[in-house]
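> requesting a structural model of the entry that follows:
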Amino acid sequence: MSPHRPIRALIAITLAAVSACAGLPRGNAVPGDGPGQPRRVCQAAREPRELPAAAALVDSAGLVNAAANAWRHAGRPAGDVVFSLRYDPHGLNVRRQVIEHRVSRVLADSLQALAYAHRRTTPPADREWGVRLRMQLGEQPALKVERSVVCPPALRDPGMGPFSAAANRGWGDVRDSSPAPSMASAGTVWLRVSLDAAGNVTGVRVDRGGVLRGSDAHLLAAVRTLDFAPATEDGEPIPGEITIPYRVRGP
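Numbering: from 1, shown residues only. Okay, the predicted model is just below:
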């Protein structure tokens, strides 16, 4: 056999994907991040396992008093504001943004600044995590912690590069001068692909279905030719993982 023998790789358009918050319940398909981007099944995050109290995230008494003053100064509008908050493993608030508001943008931004000013450091964790903080405005604003919405990574375009046939026929060819990975017999293995927040491939491993023989470098190079949209949490990119089927012919 020629060393240029193609590996037939099946990249399903519908992907079995998991995000950084693994084991999430089935959710609803939503549009991608822009024109031509894939639709994703987004879900409520399960991390952290137990939602913290608002008082663990902010000085709730101080924030409520300051928010009430800002609300009165703005003319007592009815409505609420939802902030997306993300914490690093050391418990530091590394991101905060307004994702919903039913008041003026000026007031919403002022309340976000107050939430930051009254932030607290949370207990250490194994990984980054995020939640939402909803503020219902009034004379005594009410705070409620809710789960973030996580969208898994997705393949932006299954017809790109050496996988150009995938979009139409579900198959693609990968050719390389190095020996191709193979298995004792033809079959499909499922590859777990790790991605950073920019959608770059940071690692590939066999998740289930067999053990590949041959060049791991060849396999990694093949997967790196694909263009992935990263996972998102409340619309912001985060690291994640995606599982894709990879079908290899036997020797």
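> switch to C-alpha atoms for all contacts and neighbour counts from now on
Fine.
> you'd agree Gln112 is in a helix?
Yes - secondary structure of Gln112 (DSSP: H, G, I helix; E, B strand; the rest coil): part of a helix.
> count the residues that sit near it.
The number of residues packed near Gln112 is 20, by other Cα atoms under 10 Å.
> which residues does it contact?
By Cα atoms under 8 Å, 6 or more residues apart in numbering, the residues touching Gln112 are Phe83, Arg96, Gln97, Val98.
> ok, Gly138 next?
Each residue near Gly138 by Cα under 8 Å, 6+ apart is listed here: Ala68, Trp71, Arg76, Ala78.
> just those: which are in strands?
With strands defined by DSSP state E, no entry of the contacts of Gly138 lies inside them.
> of all those, which comes closest to Leu226?
Here the nearest of the contacts of Gly138 to Leu226, counting by Cα to Cα, is Ala78; it sits at 47.4 Å.
> okay, now the unreliable bits of this protein?
Residues of the chain meeting the criterion pLDDT under 70: 1-40, 157-189, 207-220, 247-251.
> domain parsing for the protein?
Per automatic domain parsing, the domain ranges recorded for the chain read 7-43+151-248, 54-147.
> got the end-to-end distance for the last one?
In other words, domain 54-147. According to Cα to Cα, to the nearest Å, domain 54-147 extends 12 Å from its N-terminal end residue to its C-terminal end residue.
> do stretch 95-112 as well
11 Å.
> could you check how far Pro48 is from Ser194?
Pro48 sits 21 Å away from Ser194, taking Cα to Cα as the criterion.
> and these two? Which one has more around it.
Ser194 (21 against 16).
> returning to what we had before: nearest to Gly130, of the contacts of Gln112?
The shortest distance between Gly130 and any of the contacts of Gln112, using Cα to Cα, involves Arg96 and amounts to 9.6 Å.
> still on that earlier bit, report the two of the contacts of Gly138 separated the most.
Distance extremes for the contacts of Gly138: the farthest pair is Ala68 and Ala78 at 12.1 Å, using Cα to Cα.
> find residues that contact each of the two.
Each of Leu137, Gly138 lies in contact with both Ala68 and Ala78 under the rule Cα under 8 Å, 6+ apart.
> have a look at these two and say which one is more surrounded.
When neighbours are counted by other Cα under 10 Å, Ala68 comes out ahead of the other of Ala68 and Ala78, with 18 against 11.
> ok, the host helix or strand of Cys42: who's next to it in the sheet?
Remark: Cys42 resides in strand 40-44, with elements defined by DSSP states H and E. Each strand that pairs with strand 40-44, with its direction, by DSSP bridges: strand 28-30 (antiparallel), strand 149-151 (antiparallel).
> please name the nearest non-neighbouring residue to Leu195.
The spatial neighbour of Leu195 that comes closest, neighbours along the chain excluded (Cα to Cα, 6 or more residues apart in numbering), is Val201 at 4.6 Å.
> contacting residues for the one you found?
Each residue near Val201 by Cα under 8 Å, 6+ apart is listed here: Val193, Ser194, Leu195, Val223, Arg224.
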